[in-house]
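Q: Take this sequence and fold it.
(one chain, ligands or ions: 2)
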Amino acid sequence: MSAEVQQTEECLDLYRKSLKIIETDHDGAQFDMDRPHAFVVLGASGDLAMKKIYPTLWWLFRDGLLPVDTTFYGFARSAMDIIALRGLCHNNMKVKDSESSVYEAFWKRNFYIKGKYDDCHDFERLDAEIVAREKIIANRIFYLALPPSVYENVTVNIKNACLSKKGWTRVIIEKPFGRDLASSQVLSDHIARLFTEKQVYRIDHYLGKEMVQNLMTLRFGNRIFSPTWNRDNIASIQISFKEPFGTQGRGGYFDNFGIIRDIMQNHLLQILTLVAMEKPASCHPDDIRNEKVKVLRCIKPLQMEDVVLGQYVGNPDGEGEAKLGYLDDPTVPNNSNTPTYALGVLHIKNERWDGVPFILKCGKALNERKAEVRIQYKDVAGDIFEGQPKRNELVIKVQPGEALYVKLMVKTPGMTFDMEETELDLTYGSRYSNIKLPDAYERLILDVFCGSQMHFVRADELREAWRIFTPILHKIEKENIAPIKYMFGSRGPKEADDKVFSNNFQYSGSYKWKSSSL
Ligand code: NDP
Ligand code: BG6
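A: Numbers count the residues shown, from 1 in each chain. Ligands and ions are numbered 1, 2, ... in the order given. Predicted coordinates for the structure are as follows:
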């Protein structure tokens, strides 16, 4: 057995073992390695399918992580064949020369069906294609890589024409799950009439990221953090997402949603729930999701006085895209007030967190790419060092470059009794340099094959998330509230820093990191 094959076998084995831990007595969980599976990508000609779904399916196939007899079906309105689809996906697939025969084998298992999303006959044809290749008991997964406007028709057609006859059927749904509480509820009710909650996988790809999944282990697998994880010790928590590029021609889509719906209501709020929830009774997906819902229920709807909104303008000294502001995007209306930056402070009214601000920050066209959680501890009580100690901070760096570090004070080394800021640093790139971390979509799609819903959003979680953000979204839109302009490539509006400081988060600018290990 080659070293690579052995590593894949070991990896798969470990994955199954870990599933056993998290899935004990979870009836939906099973990995039918020997059964035929059909994986259907609805919206196969779209951006998401080409950039994320097909590459992910290829990597899982290449690494031998999928059931052996898995067949892939693309379904979309465009007239094309599998060769054309392959051509569209190719640049995103990252195929090494040594993998060419496996790559050929992957595409041999792919088929494409042209059809309309609202035409039940086209779904009957899709079903016939699948039936023609599957043996007796086969499982089916449908990935809706589609705009939400067609979800209703597509799910009805799947239900009526394409359910697996003797195996299970699972449906993966991409965000946005509605635009507000009411529209999301309409969609949820519709889906609930067709499928059970166990069949529905609402994907939030941040739940597939290494450091987001790590939050559970970090909090509940260590003694060191839990006694201080509360209002007695923690001053303030920041959860941030930054991107250094603008809408890049996606302005038309983005303008309809804005940054609160695009990032804050889902990715950042999901991280918040994992940081703030109580310890679940077990690692069973429903125990975890029960705790997530419980903590969400303790959050009042976001208030305008706790919000800063921004929209980027071009930087005359910038290069390329940076010269252009959001309103320069031809797909964005000239007078759009859609925020591309938002800061929102949430307050969790429970015994653990009362009084601790949870600051969510997200923006496009900023100075860097970053997603992180920053837990800032309170000042040392009864200080004997004349105000020198800076606050401790635990930073969980989600990307880029997964890391976990604690900023803390030490005596300056040597013949002195001064003190300085330093860190306890776990940089994944050096500590785990021999491990290739899987992409978020790889973990999540594999979870769907395995029937693990731990990292997927349940209907009641979604409802709570919309309850928190809907009033402010309606207010912003109804009153057409103008966002503050910020320069492409900056850190965002200055008013956001003011809001951070008034929410008990301190920044001195004195900390310097020396990256000696990389
Ligand atoms: P800093 O004290 O430098 O910064 C903390 C955060 O404060 C920044 O990320 C920034 O976030 C915000 N900030 C920056 N300027 C201002 C300002 N003028 N006013 C208010 N807020 C400001 O510490 P870091 O923890 O960020 O560490 C510094 C660098 O070292 C980072 O790049 C970090 O990734 C790196 N580092 C990496 C480690 C690793 O990979 N293992 C370990 C330790 C450090 P924002 O712009 O989002 O508001
Ligand atoms: C998506 C948003 O959900 O997440 C995009 O719609 C954003 O606007 C993307 O760019 C960021 O994902 P990642 O994994 O690159 O941080």
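Q: Around ligand 1, pick out the residues from this protein.
A: Proximity of the chain to ligand 1 is confined to 240, 242, 395, 397, 401, 403, 405, 423, 425, 427, 491, 497, 507, 509, 511, 513 under the rule CB under 6 Å from any ligand atom. Every C-beta, even on glycine, is put in place using the N, C-alpha and C of the backbone.
Q: Which residue, other than its chain neighbours, is closest to the last one?
A: Beyond its immediate neighbours in the sequence, the residue positioned closest to W513 (CB to CB, 6 or more residues apart in numbering) is E423, lying 6.9 Å away.
Q: What would the helix or strand the one you found falls within look like as CSV? C-alpha coordinates only.
A: E423 is part of strand 419-427, with elements assigned from DSSP states H and E. Included here for strand 419-427 are C-alpha records, laid out as CSV according to Å, rounded to 0.1, in the frame of the first residue of the first chain:
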residue,chain,number,x,y,z
MET,A,419,7.4,43.9,32.1
GLU,A,420,6.3,43.4,28.5
GLU,A,421,3.6,42.0,26.3
THR,A,422,4.1,38.6,24.7
GLU,A,423,2.1,35.6,23.7
LEU,A,424,1.5,31.9,24.2
ASP,A,425,1.3,30.9,20.6
LEU,A,426,-0.2,27.9,18.8
THR,A,427,0.4,28.5,15.2
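Q: just checking, next helix/strand downstream of that strand?
A: The C-terminal neighbour of strand 419-427 among helices and strands, as given by DSSP H and E, is helix 428-431.
Q: For that following helix, C-alpha coordinates in CSV please.
A: Extracted C-alpha coordinates of helix 428-431, given in CSV (Å, rounded to 0.1, in the frame of the first residue of the first chain):
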residue,chain,number,x,y,z
TYR,A,428,-1.1,25.6,13.2
GLY,A,429,1.3,26.1,10.3
SER,A,430,4.3,25.2,12.5
ARG,A,431,2.8,22.9,15.1
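Q: State the next helix or strand along the chain beyond that helix.
A: Following helix 428-431 in sequence order, the next helix or strand is helix 440-450 (DSSP H and E).
Q: can you count the residues close to K96?
A: Per other CB atoms under 10 Å, the neighbour tally for K96 reads 9.
Q: Then A371?
A: 23.
Q: Chain neighbours aside, what residue packs nearest to it?
A: In space, A371 is closest to V398, 4.0 Å off (CB to CB, 6+ apart).
Q: For that neighbour, what are phi and psi?
A: Backbone geometry at V398, expressed as degrees, to the nearest 10, gives phi -80, psi -40.
Q: Quick one, grab the pLDDT at it.
A: Reported pLDDT at V398 in the predicted model: 98.
Q: List the contacts of it.
A: Contacts for V398 were tallied using CB atoms under 8 Å, 6 or more residues apart in numbering; they are Y206, K209, E210, M211, V212, I271, A371, E372, V373.
Q: Hmm, G401 and the fourth one touching each other?
A: No. Taking CB atoms under 8 Å as the definition, M211 is not a contact partner of G401, at 10.2 Å.
Q: Of these two, which one has the most company?
A: M211 (21 against 12).
Q: distance from the centroid: which residue in the chain tops it?
A: Distance from the centre of the chain peaks at M415, with 48.3 Å (CA atoms, centre = their mean).
Q: Pick out the residue of the stretch 201-350 of the chain closest to ligand 2.
A: Of all residues in the stretch 201-350 of the chain, D262 sits closest to ligand 2, at 4.7 Å by CB to the nearest ligand atom.
Q: contacting residues for N290?
A: N290 is in contact with P280, counting by CB under 8 Å, 6+ apart.
Q: From G249, how far out is it?
A: 41 Å (CB to CB, to the nearest Å).
Q: before we move on, back to that, who does the residue nearest to W513 bridge with?
A: Beta-bridge pairing for E423 (DSSP bridges): K407.
Q: I'd assumed A403 was in contact with it.
A: No. Because the distance of 9.7 Å does not satisfy CB under 8 Å, E423 is recorded as not touching A403.
Q: more neighbours, these two?
A: Shown here are E423 and A403; by other CB under 10 Å, A403 has more neighbours (20 against 16).
Q: Now do the phi/psi pair for the more buried one.
A: phi -160, psi 160.
Q: Okay, buried residues for stretch 434-442 please.
A: Within stretch 434-442, the residues that qualify as buried by neighbour count (16 or more other CB atoms under 10 Å) are P438, D439, A440, Y441, E442.
Q: I meant stretch 85-103, not that one.
A: Those would be L85, R86, L88, C89, M93, Y103, for stretch 85-103 by 16+ other CB under 10 Å.
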